[in-house]
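>>> quick one: sequence plus predicted model below, questions after.
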Amino acid sequence: MTRTTNAPGPLGTAAQRAVPYLPLGLLAGLGAVLAFLWKWPCRFGGAWNGGIGQYTNFCYTDIYPLWWAEHLSEGKIPYVDYPVEYPVGIGAIMEFVRRLASGDGVAFYDITVILMGGSLVAGVLVMAALAGPARRWDALWYAIGPAVILCAYINWDLAAGALVLGGLLAWSRDRHILAGVLLSLSVATKFYPLMFFGALFLLTVRTGKWTPFLRMALAAAGTWLVANVPVMLINFEGWKRFYSFSSERGADWGGLWFFFQRKDWGFLADAESLNTMAMGALAVLLLGIAVLAVAAPRRPRLMQLCFLALAAFMVTNKVWSPQYVLWLVPFAVLARPKWGALLAWQIAECWYFFSIWLYLTAQYPEGADLGIGDTAYFLSVWARAITIVVLMALVVRDILRPELDTVRASGADDPSGGVFDGAEDRFTLPPRPKADVPVVEA
């Protein structure tokens, strides 16, 4: 099979290559501005300064209160002077913005928003490049999707999104060392991109493309050490806080485990076994994805495996914050760019977004008549989970029946797969005889 590529021809100039992306960049900029305007009641109306206004106005953000909670307002340096519950990438962004904010919490929020808005634009453009010329406009789901606009500035997730998409674009362009660097930096910013190393590994097993994978993995390991070891040496306890917090954290908002505990669903509600059950459930799903990757009649596309691995991580996680939708949008669209199931899922995500704030409103005595109770809230929790599981099932079906895959229906193999694009199988379960390939004399 002939390998396809998204790379421009040798006669293309940088300007010519950039022109088709300009409208998408402008629309992503519009999405970034709309996301900022959505926070108007908090940013300009002061709703985030107390009471339930930040919930009833649906404008809550972690960024503004963490200015005080992480002692940035006191000039303390993350990890060095105070342990932070985030990986070092976010700590670095916090420290960078703290130095620019001049002691002003609102300025800290505004500058962070500018950085995250830029990350959204970059992520959209990179996603469009990964989709390829024929499906470039699929990136609109990320640029101006309603769930993206609602959740864009709750936390620092968009920074990780730009890094991980950049790393996968570098992989697709055979720049394997750069891919390792960017993917590692994304893991150092948010933990979820670790799932994508597994997807790359599985396709490497199937195709035997070990040299590119090992180069990428070594670059990633070296980058992670460079980013983390200095902080570890300065203050190991401060650096370790993120990992300790993740391990010690109980079932929290949005996760199915929170529902099981709230409703006392037998052994599933056992808080003492939560970590074991969550990790076990994830392991089972990842094992299933691994078997699918090597046993499917045709090698899965990289974006299909990335989506499945990430969705499995989210469904089994102890907490499922509304902004996690930002993680999944690019990969859900790249895995299966069909409107029906994607639209149903986005509606469920928006439903959950409004439900969580109304549910939190009801936790306050003064908000009891304004919020919602368990039944309404958990309906939105399950709606979101079910629509994602349906998406996963549809992607699995596309893998098992490649003729149903929208991307491959156009004649492409794996446009964003890099060395996997058009590669032959080297290992499958069960082993299959190689097809006879006619020899063409020169």
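Structure's in. What do you need? Just so you know, these numbers come straight off a predicted model, no measurement behind them. Residues are numbered from 1 along each chain as shown.

>>> for the stretch 201-350 of the chain, what spans make up the helices?
Under the criterion DSSP state H, counting those that start in this stretch, the stretch 201-350 of the chain contains helices at 210-234, 236-248, 256-262, 274-295, 302-315, 325-335, 339-361.

>>> where among these is average confidence lowest?
Lowest mean pLDDT within these: helix 236-248, at a mean of 91.

>>> hmm, Tyr86 and Trp156 touching each other?
Yes. If you go by Cβ atoms under 8 Å, Trp156 and Tyr86 touch, sitting 7.5 Å apart. No exception for glycine: its C-beta is placed from N, CA and C like everyone else's.

>>> sorry, back to before: what would the helices of the stretch 201-350 of the chain look like in CSV with distance to Val97 and mean neighbour count?
Below are the helices of the stretch 201-350 of the chain laid out as CSV (distance: least, Cβ to Cβ, whole Å; neighbours: other Cβ atoms under 10 Å):
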stretch, distance to Val97, mean neighbour count
helix 210-234, 17, 16
helix 236-248, 18, 14
helix 256-262, 31, 19
helix 274-295, 32, 16
helix 302-315, 27, 25
helix 325-335, 19, 26
helix 339-361, 25, 19
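
>>> related to what we said a few turns ago, compare Trp156 and Tyr86 (neighbour count), which wins?
Trp156 (26 against 23; other Cβ atoms under 10 Å).

>>> what is the burial count for the closest residue to that one other than its chain neighbours?
Closest residue to Trp156 apart from its sequence neighbours, by Cβ to Cβ, 6 or more residues apart in numbering: Ile90 at 4.9 Å. By other Cβ under 10 Å, 22 other residues sit near Ile90.

>>> mind giving me the packing neighbours of the host helix or strand of Ile90?
Using DSSP states H and E, Ile90 maps to helix 88-101. Here helix 88-101 touches helix 105-131, helix 157-172, helix 210-234, going by 3 or more Cβ pairs under 8 Å, 6 or more residues apart in numbering; DSSP states H and E.

>>> 10 Å instead, please
Under the contact criterion of 3 or more Cβ pairs under 10 Å, 6 or more residues apart in numbering; DSSP states H and E, helix 88-101 touches helix 63-69, helix 105-131, helix 157-172, helix 176-187, helix 210-234, helix 236-248.

>>> next, the angle helix 176-187 makes with the longest one.
It stands for helix 105-131. Counting by axes from the mean of the first three to the mean of the last three Cα atoms, to 10 degrees, helix 105-131 points 140 degrees away from the direction of helix 176-187.

>>> for helix 105-131, buried residues please.
Residues 105, 108-113, 115-131 are the ones in helix 105-131 that count as buried (16 or more other Cβ atoms under 10 Å).

>>> now do the shared contacts for Trp156 and Tyr86.
With contacts taken as Cβ atoms under 10 Å, 6 or more residues apart in numbering, Trp156 and Tyr86 have Asp62, Leu66, Ile93, Met94, Thr189, Lys190 as neighbours in common.

>>> just so I know, which of the helices and strands packed on helix 88-101 lies nearest Val325?
helix 157-172 (9.0 Å; Cβ to Cβ).

>>> and the closest one with helix 210-234, angle?
Using the same axes, to 10 degrees, the direction of helix 157-172 lies 150 degrees away from that of helix 210-234.

>>> pLDDT of helix 157-172, averaged?
According to the model, helix 157-172 has a mean pLDDT of 98.

>>> for stretch 367-381, same thing?
96.

>>> wait, is Thr189 part of a helix?
No. Secondary structure of Thr189 (DSSP: H, G, I helix; E, B strand; the rest coil): coil, not part of a helix.

>>> so who does the nearest residue to it once chain neighbours are set aside touch?
Sequence neighbours aside, Gly89 is the residue nearest to Thr189 in space, at 3.0 Å (criterion: Cβ to Cβ, 6+ apart). Gly89 makes contact with 156, 159-160, 163, 184-190, 227-228 under the criterion Cβ under 10 Å, 6+ apart.

>>> circling back: what's the residue nearest to Trp156 in contact with, if anything?
Applying Cβ under 10 Å, 6+ apart, the residues contacting Ile90 are Leu66, Pro78, Val84, Asn155, Trp156, Asp157, Ala159, Ala160, Ala188, Thr189, Lys190, Phe242.

>>> circling back to that earlier point, now distance to Asp425 too, for the helices of the stretch 201-350 of the chain, in JSON lines please.
What follows is the helices of the stretch 201-350 of the chain, written out as JSON lines (distance: least, Cβ to Cβ, whole Å):
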{"stretch": "helix 210-234", "distance to Asp425": "14"}
{"stretch": "helix 236-248", "distance to Asp425": "37"}
{"stretch": "helix 256-262", "distance to Asp425": "36"}
{"stretch": "helix 274-295", "distance to Asp425": "9"}
{"stretch": "helix 302-315", "distance to Asp425": "15"}
{"stretch": "helix 325-335", "distance to Asp425": "21"}
{"stretch": "helix 339-361", "distance to Asp425": "29"}
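
>>> can I get the helices and strands packed on helix 88-101 in a markdown table with distance to Ala143?
As requested, the helices and strands packed on helix 88-101 are exported to a markdown table (distance: least, Cβ to Cβ, whole Å):
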| stretch | distance to Ala143 |
| --- | --- |
| helix 63-69 | 21 |
| helix 105-131 | 4 |
| helix 157-172 | 12 |
| helix 176-187 | 20 |
| helix 210-234 | 28 |
| helix 236-248 | 30 |
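
>>> looking at those helices, which is closest to Tyr21?
helix 105-131 (5.3 Å).

>>> got the angle between the closest one and helix 302-315?
Angle between the axes of helix 105-131 and helix 302-315 is 140 degrees (criterion: the same axes, to 10 degrees).

>>> may I have stretch 191-207 exported as CSV, CA atoms only?
C-alpha atoms of stretch 191-207 as CSV (Å, rounded to 0.1, in the frame of the first residue of the first chain):
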residue,chain,number,x,y,z
PHE,A,191,-1.4,13.5,32.8
TYR,A,192,-3.9,12.2,30.2
PRO,A,193,-1.6,12.3,27.1
LEU,A,194,0.3,9.4,28.6
MET,A,195,-2.5,7.3,27.1
PHE,A,196,-1.2,8.1,23.6
PHE,A,197,2.1,6.5,24.1
GLY,A,198,0.2,3.2,24.5
ALA,A,199,-1.5,3.8,21.2
LEU,A,200,1.8,4.5,19.5
PHE,A,201,3.3,1.4,21.1
LEU,A,202,0.5,-0.9,19.9
LEU,A,203,0.8,0.3,16.3
THR,A,204,4.5,-0.1,16.5
VAL,A,205,4.1,-3.7,17.6
ARG,A,206,1.8,-4.4,14.7
THR,A,207,3.9,-2.7,12.1
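
>>> so how far is it from its chain's centroid?
Remark: stretch 191-207 is offset 15 Å from the chain centroid, using Cα atoms, centre = their mean, to the nearest Å.
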